[in-house]
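Peer 1: predicted coordinates and the sequence they were generated for:
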Amino acid sequence: MKPGNAVFSGLGTTVFEVMSRLARQHGAVNLGQGFPDGKGPEDVLRVAATAVTDGWNQYPPMLGLPELRQAVAAHDKRFYGLEVDPDTEVVVTSGATEALAAALFALIEPGDEVVLFEPLYDAYLPLVRRAGGVPKFVHLTPPDWSFDRAALARAFSPRTKAVLFNNPLNPAAKVFGAAELDLLAEFVEGSDATVICDEVYEHLVFDGRRHQPLIARPGMRERCLKIGSAGKTFSLTGWKVGYVTAAPALATLLGKAHQFLTFTTPPNLQTAVAYGLAKGDDYYDGFVAELQGKRDRFAAGLARLGLAALPCDGTYFVNLDIGSTGFDGDDQAFCRHLIEEVGVAAIPVSAFYAESPLSTVARFCFAKQDAVLDEALARLAKRFG
């Protein structure tokens, strides 16, 4: 047989699968993969269940159910002051990853340059390359994971077609502020580029901070595709319901790619997500407080052991500077040691880099039941306490 596509046939097994397989083999507490282990909001689940038994189960509109597009527009107005036309500026996708793929396939011609910030979510690079894009990287490092004018100048050029920007940033748990966003906007305008904004953790921002979407910054309304995720906002990662807000021309272009990928998304889940987005402040405030409490619980436990957790502004993740453990080795070896000798699984952050990987940080997911976090800390205490 002739070989398959070079981008995908050249990919190895993901680090998430490798570490999860090892975790199962060794009975380790798995804080590697980034998903919560609860059921999600009961009322949202009930709406989905009722919709599947009593509602419409044939093809919904390609761009999404009208009630969900209206809910997304109302959400963007409520939280960010954005005026959004639900009929022309919202597209519902089968998860945020499908939205990313549709945006890249719609925007990129072979040879176009795409600016990426690393550490980066592992789906980005294969999708950019499969679309024919040429990746250009902005290299971020701890503890602040920020960028400056010189870093952007090295990545941007007249050939820059798109920027893929994740805020809050997985795996670094970084929330970018107004000055950083405005500097990025300056370069975006200067290169006449479009920004694909992966903002799935928009409601997981801690310590009184507020998420600031790039699309709301001056000059960015016509240049951004803002991607949100019901999976992250309602702790229902298996549902795979995403939604994109963009100016009409960009939304129309995205829809043309979306129609030949998944075409549509389960209607009962769309109905439930529309209900969920309209939930009161008590839900959103309580959601943040619960996850912030888990972050604090886990980070405080690491601190008691003398282990140095890096700042966590948002997301599901606390990162550990492995130098504080006294471990003599890189993050890949450290994470294998944790699984095989300690019984706790984490992810080496070097796996999120394409160039010059940082090898001194391990990522832990704290979006777990308190008993799971406590068991992980107890096992770490036997080795590092």
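Peer 2: The structure has been received and is ready for your questions.
Peer 1: in contact with V163, which residues are there?
Peer 2: Applying CB atoms under 8 Å, 6 or more residues apart in numbering to V163 gives the contacts 114-116, 184, 188, 193-196. C-betas here are computed from N, CA, C, even on glycine.
Peer 1: kindly recompute the last result at 10 Å.
Peer 2: V163 sits next to 113-117, 136, 138, 152, 155-156, 184, 187-188, 191, 193-197, 214, 223-224 when contact means CB atoms under 10 Å, 6 or more residues apart in numbering.
Peer 1: where exactly do the strands run in this structure?
Peer 2: Ranges of strands in the chain, per DSSP state E, are 29-30, 90-93, 113-118, 134-139, 160-166, 194-198, 224-229, 242-246, 317-321, 344-345, 347-348, 361-365.
Peer 1: including distance to Q70 and mean pLDDT, could those strands go into CSV?
Peer 2: Shown next, in CSV, are those (distance: least, CB to CB, whole Å; pLDDT from 0 to 100):
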stretch, distance to Q70, mean pLDDT
strand 29-30, 38, 96
strand 90-93, 8, 98
strand 113-118, 32, 98
strand 134-139, 36, 98
strand 160-166, 26, 98
strand 194-198, 21, 98
strand 224-229, 14, 98
strand 242-246, 11, 98
strand 317-321, 32, 97
strand 344-345, 41, 98
strand 347-348, 38, 96
strand 361-365, 33, 98
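Peer 1: including distance to Y80, could those strands go into TSV?
Peer 2: Formatted as TSV, those follow (distance: least, CB to CB, whole Å):
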stretch	distance to Y80
strand 29-30	35
strand 90-93	14
strand 113-118	21
strand 134-139	24
strand 160-166	16
strand 194-198	12
strand 224-229	9
strand 242-246	9
strand 317-321	24
strand 344-345	36
strand 347-348	31
strand 361-365	27
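Peer 1: out of the ones you listed, which comes closest to F260?
Peer 2: Of all those, it is strand 90-93 that lies closest to F260, at 12.5 Å by CB to CB.
Peer 1: sheet partners, orientation included, of the closest one?
Peer 2: Under the criterion DSSP bridges, strand 90-93 sits next to strand 242-246 (antiparallel) in its sheet.
Peer 1: Q58 touches N268, doesn't it?
Peer 2: No. In this structure, Q58 is not within contact of N268 by CB atoms under 10 Å, at 11.5 Å.
Peer 1: pick out whichever of these two has more residues nearby.
Peer 2: N268 (22 against 6; other CB atoms under 10 Å).
Peer 1: quick check: the more buried one vs Y275, distance?
Peer 2: Separation of N268 from Y275 (CB to CB, to the nearest Å) stands at 11 Å.
Peer 1: which residues are in contact with each of these two?
Peer 2: 47-48, 51.
Peer 1: quick one: contacts for the closest residue in space to F298 that isn't next to it in sequence?
Peer 2: The shortest distance from F298 to any non-neighbouring residue, by CB to CB, 6 or more residues apart in numbering, is to F366 (4.3 Å). By CB under 10 Å, 6+ apart, F366 lies in contact with 31, 34, 36, 173, 291-299, 301, 309, 312, 315-318, 372-373, 376.
Peer 1: from G12, how far out is V195?
Peer 2: Using CB to CB, V195 is found at 30 Å from G12.
Peer 1: of those two, who's got more company?
Peer 2: V195 (21 against 7).
Peer 1: ok, the more buried one - contacts?
Peer 2: For V195, the contact set (CB under 10 Å, 6+ apart) comprises 103, 115, 162-165, 184-185, 188, 214-215, 220, 223-226.
Peer 1: by neighbour count, which of the residues you listed wins?
Peer 2: A103 (30 neighbours).
Peer 1: the residue nearest the centre of the chain and S359: what is the separation?
Peer 2: By CA atoms, centre = their mean, the chain has its centre lying nearest to V200, at 5.0 Å. Distance from V200 to S359, counting by CB to CB: 26 Å.
Peer 1: what's the most distant pair in the contacts of V195?
Peer 2: Farthest pair in the contacts of V195 (CB to CB) is A103 and A185. Separation: 18.1 Å.
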